[in-house]
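# just a sequence and a predicted model for now, questions to come.
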Amino acid sequence: MIDKLLNTKIWYWIFAAGHTIMGVLLGVLNPTLFAEDGWGAGNVLGHDVFYERALSLFGLSLSLMMIGNGLVFSGRAFHKIAAITGTTMAVVFVICAIYSSSQDYGTLAMWIPPFVLAGMLLVSAGRALRTAEAE
């Protein structure tokens, strides 16, 4: 049962899809929504919308790397990449949560879902690397 719950491939693709849809596509297609969520509906300036779209476009690089890595790598190499991705993104989300909180941007709660997904990716990959699944 635990093997199915902590399947690295599943968590990898869930994280990749979540990042691509929520972090990239929504920000590119509707940057005003992101700016309003962050700064408040009555406090959005024109450049805020530009920066929200630009940051979402920067996130596209991670989406493309994750798709490529997920299709090309397997076995132990894949699990190492998944662990590195989960660790890196969990750290990034914590830093973003702390910084955005200090700037009155959004709420800490908005960083919980991506942090949990990155954490689950890290946990599943770490578990796989300690077992025969990664061979």
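Arrived safely.

# which strands or helices does the helix or strand of the chain with the lowest mean pLDDT pack on?
Every helix and strand in the chain was compared by mean pLDDT, DSSP states H and E; the lowest is helix 2-5, with a mean of 86. The helices and strands touching helix 2-5, judged by 3 or more Cβ pairs under 8 Å, 6 or more residues apart in numbering; DSSP states H and E, number zero. The C-beta positions use only the backbone N, C-alpha and C, and glycine is treated the same way.

# gap between the following helix or strand past that helix and the chain center?
Remark: after helix 2-5, the chain's next helix or strand is helix 8-18, criterion DSSP states H and E. Remark: helix 8-18 is offset 10 Å from the chain centroid, using Cα atoms, centre = their mean, to the nearest Å.

# check contacts around residue 65.
Residue 65 sits next to no residue when contact means Cβ atoms under 8 Å, 6 or more residues apart in numbering.

# find me the pLDDT at it, would you?
Residue 65 carries a pLDDT score of 97 in this model.

# what do you get for the one 5 residues further on?
For residue 70, the model assigns a pLDDT of 97.

# just to check, it is in contact with residue 17?
No. Residue 70 lies out of contact with residue 17 (Cβ atoms under 8 Å); the separation is 10.4 Å.

# so between the two, which is more surrounded?
Just comparing residue 70 and residue 17: by other Cβ atoms under 10 Å the higher neighbour count belongs to residue 70, 18 against 14.

# flag every buried residue along stretch 87-105.
Using 16 or more other Cβ atoms under 10 Å as the burial criterion, the residues of stretch 87-105 that qualify are 87, 89, 90, 93, 96, 97, 100, 105.

# need the contact list for the residue nearest to the fourth one when sequence neighbours are not counted.
Across the structure, with Cβ to Cβ, 6 or more residues apart in numbering as the measure, the residue nearest residue 93 apart from its sequence neighbours is residue 115 (4.4 Å). With contacts defined as Cβ under 8 Å, 6+ apart, the neighbours of residue 115 are 90, 93, 94, 97.

# including distance to residue 60, secondary structure and pLDDT, could these go into a markdown table?
Formatted as a markdown table, the contacts of residue 115 follow (distance: Cβ to Cβ, whole Å; DSSP: H, G, I helix; E, B strand; the rest coil; pLDDT from 0 to 100):
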| residue | distance to residue 60 | secondary structure | pLDDT |
| --- | --- | --- | --- |
| 90 | 20 | helix | 97 |
| 93 | 18 | helix | 95 |
| 94 | 22 | helix | 96 |
| 97 | 22 | helix | 95 |
